[in-house]
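A.B. asks: below are the sequence and a predicted model; questions follow.
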There are 2 protein chains.
Amino acid sequence: MKLKELAEQLGLSQTTVSRALNGYPEVNEATRERVNKAALKFGYSANANARRLAMGRVGAIGIVVPIHSSERFGPHTSEFLSGLAERLSRDEIDFLITPLINNDEISAYKRLISSKRVDAMIVSHPSLVDERVAMLAEAQFPFVLHGRTNIDTPHAWLDIDNKGAFYQATSHLLDLGHKHIAMIDGLKGFTFSEHREEGYRNALNERGISIDPNFIVHDCFSDEIGFRETQRFLSLKPHPTAILAGSMMTALGVSRAIRAKGYQLGKEVSIIAHDDVFPYLNASNMVPAMTTTRSSIRAAGTRIAEMLVRLLDGEPPETIHEVWPVELILRQSSGPPVVPAK
Amino acid sequence: MKLKELAEQLGLSQTTVSRALNGYPEVNEATRERVNKAALKFGYSANANARRLAMGRVGAIGIVVPIHSSERFGPHTSEFLSGLAERLSRDEIDFLITPLINNDEISAYKRLISSKRVDAMIVSHPSLVDERVAMLAEAQFPFVLHGRTNIDTPHAWLDIDNKGAFYQATSHLLDLGHKHIAMIDGLKGFTFSEHREEGYRNALNERGISIDPNFIVHDCFSDEIGFRETQRFLSLKPHPTAILAGSMMTALGVSRAIRAKGYQLGKEVSIIAHDDVFPYLNASNMVPAMTTTRSSIRAAGTRIAEMLVRLLDGEPPETIHEVWPVELILRQSSGPPVVPAK
DNA sequence: AATTACTTCCAAAGCGCTTCGAAATTGCGC
DNA sequence: GCGCAATTTCGAAGCGCTTTGGAAGTAATT
């Protein structure tokens, strides 16, 4: 069923029917009602492509996901997307996921723009100087960045205070009396990783504690990395008495390795993890309950969707940006260092 | 830059340029080369909406995701989507995620169809008699079902042998000498849950072991449920000496509860988990390594994408379906029951 | 009754592409 | 050099919708 047929059925012109359906004011309420009822009855819904072509607006936003990188399309991404969806569905905006194979991100973004398939984009996992952001900002294409990057051209972004989070966590461990603190975080190059390391370093430097490069690991977020690297840590002399984990997945592996060594979490070795809040992996339910720096990645998604809508409504990008504080939640996995019984 | 402009630049007609770009044979190779070069130079890429309108084909497939259900958009989904993407990106098909708020799935599917935004769909998490499948099959809209359902109208599907998996796992535990085996699986109503329970029941029935309803749990896949329910199990008398976990997330909670009770995995209490193969959560790296029934959900995604392409190429749906066997991988978390030391 | 001001509707012109049918060009054998 | 077929190119008609610029009908004002 197409507009023309519907109009014929109703004995009205296409114009009127279209207007009635799209809520334009210049149509009699009675007529509108009649049209809506008929549309429902015949299951009519406009051909999205014709509509988009005519309007020049698409009603969809784009996300480019490199599929081979589990770092980029793992549980974080799906949680984030859920958050996005929560807000976008309200405006009937759907999202288009463009898988990226050949790693030529820039041209994937360019294609997405010039093919007019989306009204805006969301960019995630920026590096310190992100060329995607540079390109999009330059092209004045609407987008919101999840994270931060050092690009001058104005653009909208939302980031959490990763530096503050790791600074806080590290400081807390130092307060507890730890002298040897290790860190397992995400891949080098991403802004969030760099910021976290910065927070960690700042806290140590402030107390005049020298930084041992062996205590800093950048890799994917997985239990395996957490486990393997923690085993390595614990074989060092002196070994760290506290470990910062960049994700809950990492933390699972870290905990396992600590336990495998016969140590107790929060005693011989403490752990503080960053928690993006996964509904299926609850820090407070762990044994012992896990001390975390917490920030819901899902909530960030929802907020970013909100920002996107504002952007599309014409608000200038330079006014749209936020840094979210991260709360340190003390639980049982962190405590003063206990010297292992011999 | 639009087709018309590009054509003018080249001194050719739109027709020829369009044909050159789309690889039609009736165009001189020299001309085609010239056109391609110019398109590249000007960064031309066709307006997708105009193209779709003219062709009636979209180059996108749709997925409806209920966003409020973590059961439906969690790590399983993102892994599955990665798999899909892997295949679909080869044909430059992208996917459209339609968030579902008001739980009126059927009408969401109908809207997606009638708005012509996608060429085909993927349906996941079917129930035993799934009305979405019934509707889509009836409407002859192309789709592939991930899972199985008892709908007569022919349709394409791929499922893993959930029944066999749980039958195998249960039988193995029985072989080891377990008499009290519990099961924590996904929500009631979904086909996979029902099939798993059926496999579990069949194995027990075969050995003449009566089924204790207290030993069967259906709920979300999360560590919390795993933990809580296992605590409950272990407070029963007699308590189960083996537990089947429907997902790795569940298994994490189960393991934790077993350990919290002072028992060892694979000794006092065994555990076999279903492993969908998450890159960040590796069963063989756990301590002790986890016995699993394994089937890569990512691989299933890739295969389903393949089936979808065949479907779109005109292959009849009734010839497209597969059941994948699930392998039982014996590791250290399952062993003969050990009576707890008093 | 004539003028103005709304309200309600319509015909038709795009939006940018594909594709049909026809025209122009080329190649080949005689 | 001519005729015929094969190759290459083009003009124009859609695809299904939105939207502009009026026309027609109604109510309010002079």
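C.D. replies: Looks like it arrived, so ask away. Residues are numbered from 1 along each chain as shown, chains lettered A, B, ... in the order given.
A.B. asks: next structured bit after the helix or strand bottoming out on mean pLDDT in chain A?
C.D. replies: Here the helix or strand of chain A ranked lowest by mean pLDDT, DSSP states H and E is strand A:94-100, holding a mean of 84. From strand A:94-100 onward toward the C-terminus, using DSSP states H and E, the following helix or strand is helix A:105-114.
A.B. asks: which segments of chain A make up each domain?
C.D. replies: Per the record's domain assignment (automatic domain parsing), chain A is made up of the domains A:3-46, A:60-160+A:298-324, A:162-295.
A.B. asks: before we move on, back to that, for the least confident helix or strand of chain A, which outside residues touch it?
C.D. replies: A:59-67, A:81, A:84-85, A:88, A:108, A:112, A:117-118, B:60, B:81, B:85-86, B:88-89, B:94-99, B:117 (CB atoms under 8 Å, 6 or more residues apart in numbering or on different chains). Where C-beta positions appear, they are placed from N, C-alpha and C, glycine not excepted.
A.B. asks: rerun that using 6 Å as the cut-off
C.D. replies: Among residues not part of strand A:94-100, those counted as contacts by CB atoms under 6 Å, 6 or more residues apart in numbering or on different chains are A:60-67, A:108, A:112, A:118, B:85, B:89, B:94-98.
A.B. asks: list the strands paired with that strand, with their directions.
C.D. replies: When sheet partners are counted by DSSP bridges, strand A:94-100 sits next to strand A:60-66 (parallel), strand B:94-100 (antiparallel).
A.B. asks: could I get the last one in PDB with only the CA atoms?
C.D. replies: What it means is strand B:94-100. Below are the C-alpha coordinates for strand B:94-100, written out as PDB (Å, rounded to 0.1, in the frame of the first residue of the first chain):
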ATOM      1  CA  ASP B  94      24.800  -3.000   6.800                       C
ATOM      2  CA  PHE B  95      22.400  -3.600   9.600                       C
ATOM      3  CA  LEU B  96      19.800  -1.600  11.200                       C
ATOM      4  CA  ILE B  97      19.100  -2.000  14.800                       C
ATOM      5  CA  THR B  98      15.600  -1.000  15.700                       C
ATOM      6  CA  PRO B  99      15.200  -0.600  19.400                       C
ATOM      7  CA  LEU B 100      12.000  -1.800  20.900                       C
END
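A.B. asks: and the average pLDDT for stretch A:41-61 is what?
C.D. replies: The average pLDDT for stretch A:41-61 rounds to 91.
A.B. asks: mind putting the strands paired with strand A:94-100 in JSON lines, mean neighbour count and distance to A:V326 included?
C.D. replies: Formatted as JSON lines, the entries for the strands paired with strand A:94-100 read as follows, by neighbours: other CB atoms under 10 Å in any protein chain shown; distance: least, CB to CB, whole Å:
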{"stretch": "strand A:60-66", "mean neighbour count": "22", "distance to A:V326": "24"}
{"stretch": "strand B:94-100", "mean neighbour count": "23", "distance to A:V326": "27"}
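A.B. asks: could I get the pLDDT score of A:L81?
C.D. replies: Per-residue pLDDT puts A:L81 at 89.
A.B. asks: roughly how far apart are the nearest residue to it once chain neighbours are set aside and DNA strand C?
C.D. replies: Spatial nearest neighbour of A:L81, excluding adjacent residues (CB to CB, 6 or more residues apart in numbering or on different chains): A:G301 at 6.6 Å. Noted for A:G301: a distance of 32 Å to DNA strand C, by CB to the nearest atom of the strand, to the nearest Å.
A.B. asks: just A:E318 next, same as before
C.D. replies: A:E318 sits 28 Å away from DNA strand C when distances are taken as CB to the nearest atom of the strand.
A.B. asks: got a list of what that residue touches?
C.D. replies: Applying CB under 6 Å, 6+ apart, the residues near A:E318 are A:P154.
A.B. asks: and for A:D275?
C.D. replies: Taking CB under 6 Å, 6+ apart, one finds A:248, A:283, A:292, A:294 in contact with A:D275.
A.B. asks: swap the cut-off to 7 Å and go again
C.D. replies: Under the criterion of CB atoms under 7 Å, 6 or more residues apart in numbering or on different chains, the neighbours of A:D275 are A:248, A:283, A:292-294.
A.B. asks: how about CSV for those residues, with neighbour count, secondary structure and pLDDT added?
C.D. replies: Formatted as CSV, the contacts of A:D275 follow (neighbours: other CB atoms under 10 Å in any protein chain shown; DSSP: H, G, I helix; E, B strand; the rest coil; pLDDT from 0 to 100):
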residue, neighbour count, secondary structure, pLDDT
A:M248, 27, helix, 95
A:A283, 20, helix, 93
A:T292, 29, strand, 98
A:T293, 27, strand, 98
A:R294, 18, strand, 97
